[in-house]
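**Q** I need the structure of the sequence given here:
(2 chains)
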Amino acid sequence: MKRGLTDANGVIYAYSNADGLQPTKPSQRIQHDLIVDKIINSSTTVADQNKDPRAFSDTPLQFSEGFCMGTVNDENTLNIVLIDDNHDHLSLMSATVRNAFISEPFEISTQEFDNPATALTEISKIPNQIILIDYQFATSTGLDWLSNFVRANAGPVILVTSSGDESIAAKSFREGAADYIVKSEAIKNPAIIQRSIHEALRKSRLVQLNHDLSSRLKLANYELNIKNRKLSELTDTAHQFVEDVAHEFRTPLTVIKEFASIIADGLGGEVTEKQSQYLNHITSSASDLAGLIDDFLNSSRLRSNSICVNRQQHTVDEIFNAVWPILESRAGSKSIELVRDVDSNLPDIYIDSDKMQRSLINLVVNAIKFSEQESVVRVSATMNDSCMVEIAVHDNGPGLPQQTITDLFERFNQGGQDTSRLANGFGLGLNIVKELVTINLGVVKVESTVGVGSTFSFTVPIANNQSILRGLVSQTSKHSGDPRIVVLSVNRTHDDQPIDQLAEYLNTMSYPMDLVLYSGGKSCLLLIGITTEEESFRQRILKVDSEMRSKKLSPHSDLQISICGKWSADEAESRILELIEESVQKGHYHVEVNLNC
Amino acid sequence: MSKSILIVDDEPRITAALMTRIEANGHTVYHAINGLAGIEAAALYEPDAIILDIRMPDIDGYETCIRLKRMPRLADIPVIFLSANVQDEAIMKAKAAGGARFISKPYESASIIKALDEVLADNQAA
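**A** Next up, the predicted model:
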């Protein structure tokens, strides 16, 4: 089928009007070989192409397998449409083109038009075509027609000119021409036409491929969106399910626990010491179960971002006092001595009290679970080097190997075979500690020696802006990408409600890692969030506010929210502190910033 | 001093547990099994405090509380919400509806007694 002439080295010769046979240059030859290769591939059957990796056989969509929109037809003919109002030029070009393609493995046919308007109406009837349009017409230029031909989408369009004017070339490319050739050069060396046509076909194929790929991408995106929506519905259902189950569990649990405690307290008649001891087992097991339900709920809410955070100023003793009776009764059931070791003169801390209580309970209950009967569990609170209060739970349990500690805080990750058998809910409880401590802008640490004991500790910020901000910044820098800290200021035009109620309200509607900073000021609060888009942060807050208002839950009729700035983790602490200082000077905001902490 | 307490809860065993505890502390206890019955009972007995469940068959606890607060004769009776729903939103709604306290189930009996003592003392002072 191959009709070109080749020499002993396989070099393909092309005909030229001027010089007769002449070998193409080596670089042209390589390109030529590639093109020929492509032509052969493109003209094989679909079945063959499925075996050819270059034919995109692994893609589910069918690509147009010709050079362009079906360029090579069943008869393997490439139609070259020539448009030129000079008949001499037209015949010359036609002959040159036919000469140029004499060595190709497929037929070409030329269609000649002396009028672009006629050509434009005719091209739709011609399959597998490439259009060569002249620049110079009697009343117009090829450029004027170019876009019409490009839009007709019949095949690649090449502009032919008599002179090599670069500005025309640039314009032609802008109008969508596949290539640009100079008539006189092309006639002298038909290889130029050949190359140009091959190049145009290649480009056209790439465009088609690109088009196919982008359609596929659109389809894939569409499917992904649907899947995402279904998935998010499923997740919502799952979270709602956890909420419902938790709710349903609580009522019978309350009855069990409460009646056990009523009997133990002698309200149902006299109770022996043994009976009272057994009843205590029921009560504490019911409490365990209630705690586990809380953990599940928290875990589900953390994952759905629906957990509410209400950070406030508290003393460490307040938190200890709230949980100590529960912890003592738990320790008592194993005759474990619980030692409370809180440094005097600790500053106030700034935390969500419920979340800190739950963190502390989980750690101490764990320590009790892993401790031998009649051993000691010590809970300490101290000030650490980075101006945070550190709460530590020390036990003399079996301890944990380093490797286990590494993945201890992973969700549902049990602390190894031996320990997991000893303690149910171990993994979930600890993981929740980690997440709750993160919400309280602190970090969790574990130190452990096998055979000696473990110390689980976490930090909480003290109630000054620097410590709080430092906590937030250190959480921020753990985020991937380029996290930014956005600051909004919140004002009210009417001071109808106390500012701390507004703070509580903002806390309720913000995300767990948003931070509301206030300190007894009158009309201004800072709301800080980690996000890359300050506007979306503001929109989110306003949206939640309007939802709350529609449910008549907003006590504030006139929140004004404006953006103060957006900073990277590195600069956030100092910039936000400056901002607070400024507000103080303006009298908007009253804070005590203790820089020496 | 003996006071009268109204319990509104659709779960009779919870009511029984609460009654046992509260009566043991020397108070008189009335109970109603849903919100509407609760409002009737409140109008009839004018209790010193009300313990109110949230999830109930007819009108929920929030609505019950809102209606109570609309009736001048009953508006000052302190309401303690007692619910298995521990979402922060529930706590906020309870507050918005006019609740004085919010206690979650399962509760510590001591916290019920403490909350009762507090709201009764507050009301006395007012």
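**Q** switch to C-alpha atoms for all contacts and neighbour counts from now on
**A** Will do.
**Q** of all of the stretch 201-350 of chain A, which residue lies closest to chain B?
**A** Going by CA to the nearest CA, chain B is nearest to residue A:254 of the stretch 201-350 of chain A, at 4.3 Å.
**Q** hmm, who's touching stretch A:169-176?
**A** Contacts with stretch A:169-176, where a contact means CA atoms under 8 Å, 6 or more residues apart in numbering or on different chains, come from A:143, A:146-147, A:150, A:157, A:159, A:179-180.
**Q** The same query, at a cut-off of 7 Å, please.
**A** Contacts with stretch A:169-176, where a contact means CA atoms under 7 Å, 6 or more residues apart in numbering or on different chains, come from A:143, A:146-147, A:150, A:159, A:180.
**Q** quick one on the thing from earlier: list the contacts of the residue of the stretch 201-350 of chain A closest to chain B.
**A** Residue A:254 sits next to B:105-107 when contact means CA under 7 Å, 6+ apart.
**Q** Which stretches in the stretch 251-400 of chain A count as helices?
**A** Under the criterion DSSP state H, counting those that start in this stretch, the stretch 251-400 of chain A contains helices at A:273-303, A:316-332, A:353-370.
**Q** per-stretch mean pLDDT over these, give me the minimum one.
**A** Least confidently modelled of these is helix A:273-303, at a mean of 82 by mean pLDDT.
**Q** Can you check what angle separates that one from helix A:353-370?
**A** Helix A:273-303 and helix A:353-370 are oriented at 130 degrees to each other (axes from the mean of the first three to the mean of the last three CA atoms, to 10 degrees).
**Q** Show me what helix A:273-303 is packed against.
**A** helix A:190-264, helix A:426-439 (3 or more CA pairs under 7 Å, 6 or more residues apart in numbering or on different chains; DSSP states H and E).
**Q** So which elements touch the shortest one?
**A** It stands for helix A:426-439. Here helix A:426-439 touches helix A:273-303, helix A:353-370, going by 3+ CA pairs under 7 Å, 6+ apart.
**Q** rerun at 10 Å
**A** Secondary-structure packing of helix A:426-439 (3 or more CA pairs under 10 Å, 6 or more residues apart in numbering or on different chains; DSSP states H and E): helix A:273-303, strand A:349-352, helix A:353-370, helix A:417-422, strand A:444-449, strand A:453-461, helix A:465-476.
**Q** ok so, going back, separation between the residue of the stretch 201-350 of chain A closest to chain B and residue A:340?
**A** Residue A:254 sits 29 Å away from residue A:340 when distances are taken as CA to CA, to the nearest Å.
**Q** remind me, longest helix of chain B?
**A** If you go by DSSP state H, chain B has its longest helix at helix B:109-125.
**Q** Can you show me the CA trace of that one as CSV?
**A** C-alpha atoms of helix B:109-125 as CSV (Å, rounded to 0.1, in the frame of the first residue of the first chain):
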residue,chain,number,x,y,z
SER,B,109,-30.4,12.4,92.1
ALA,B,110,-28.4,14.9,94.1
SER,B,111,-28.4,17.3,91.2
ILE,B,112,-32.2,17.2,90.9
ILE,B,113,-32.6,17.9,94.6
LYS,B,114,-30.0,20.6,94.4
ALA,B,115,-31.7,22.3,91.4
LEU,B,116,-35.1,22.1,93.2
ASP,B,117,-33.7,23.6,96.3
GLU,B,118,-32.1,26.4,94.3
VAL,B,119,-35.1,27.4,92.2
LEU,B,120,-37.4,27.2,95.2
ALA,B,121,-35.1,29.4,97.2
ASP,B,122,-34.8,31.9,94.3
ASN,B,123,-38.5,32.0,93.9
GLN,B,124,-39.0,32.6,97.7
ALA,B,125,-36.5,35.5,97.5
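**Q** what sits up against that helix?
**A** With contact meaning CA atoms under 10 Å, 6 or more residues apart in numbering or on different chains, helix B:109-125 is reached by A:257-258, A:261-262, B:3, B:5, B:17-18, B:21-22, B:25, B:48-51, B:76-80, B:82, B:100-104, B:108, B:126.
**Q** So which of these sit within helices?
**A** A:257-258, A:261-262, B:17-18, B:21-22.
**Q** Rebuild those residues as a markdown table, extending it with distance to residue A:283.
**A** Converted to a markdown table, the ones in helices among the contacts of helix B:109-125 look like this (distance: CA to CA, whole Å):
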| residue | distance to residue A:283 |
| --- | --- |
| A:257 | 5 |
| A:258 | 8 |
| A:261 | 7 |
| A:262 | 10 |
| B:17 | 14 |
| B:18 | 16 |
| B:21 | 16 |
| B:22 | 19 |
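**Q** Of these, which is the nearest to residue A:502?
**A** residue B:18 (34.8 Å; CA to CA).
**Q** Now for that closest one, how many residues are close by?
**A** Look at residue B:18: counted by other CA atoms under 10 Å in any protein chain shown, it has 22 neighbours.
**Q** related to what we said a few turns ago, from the contacts of stretch A:169-176, which land in helices?
**A** Short answer: the contacts of stretch A:169-176 in helices (DSSP H) are A:143, A:146-147, A:150.
**Q** Would you mind checking these for buried ones?
**A** Neighbour counting with 16 or more other CA atoms under 10 Å in any protein chain shown marks A:143, A:146-147, A:150 as buried within the ones in helices among the contacts of stretch A:169-176.
**Q** What confidence value was assigned to residue A:67?
**A** 38.
**Q** will you turn the contacts of residue A:254 into TSV that also has pLDDT, neighbour count and distance to residue A:199?
**A** Output for the contacts of residue A:254, formatted as TSV (pLDDT from 0 to 100; neighbours: other CA atoms under 10 Å in any protein chain shown; distance: CA to CA, whole Å):
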residue	pLDDT	neighbour count	distance to residue A:199
B:105	87	21	77
B:106	85	24	78
B:107	86	20	80
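**Q** Which ones among those residues also lie next to chain A?
**A** Near chain A, judged by CA under 10 Å from any CA of the partner chain, the entries from the contacts of residue A:254 are B:105-107.
**Q** Return the list of helices and strands in contact with the helix or strand where residue A:575 lies.
**A** Using DSSP states H and E, residue A:575 maps to helix A:569-586. Helix A:569-586 makes packing contacts with helix A:465-476, strand A:484-492, strand A:524-530, strand A:559-568 when contacts are defined by 3+ CA pairs under 10 Å, 6+ apart.
**Q** Which among the ones you listed is found nearest to chain B?
**A** Closest to chain B of these, according to CA to the nearest CA: strand A:559-568, at 18.1 Å.
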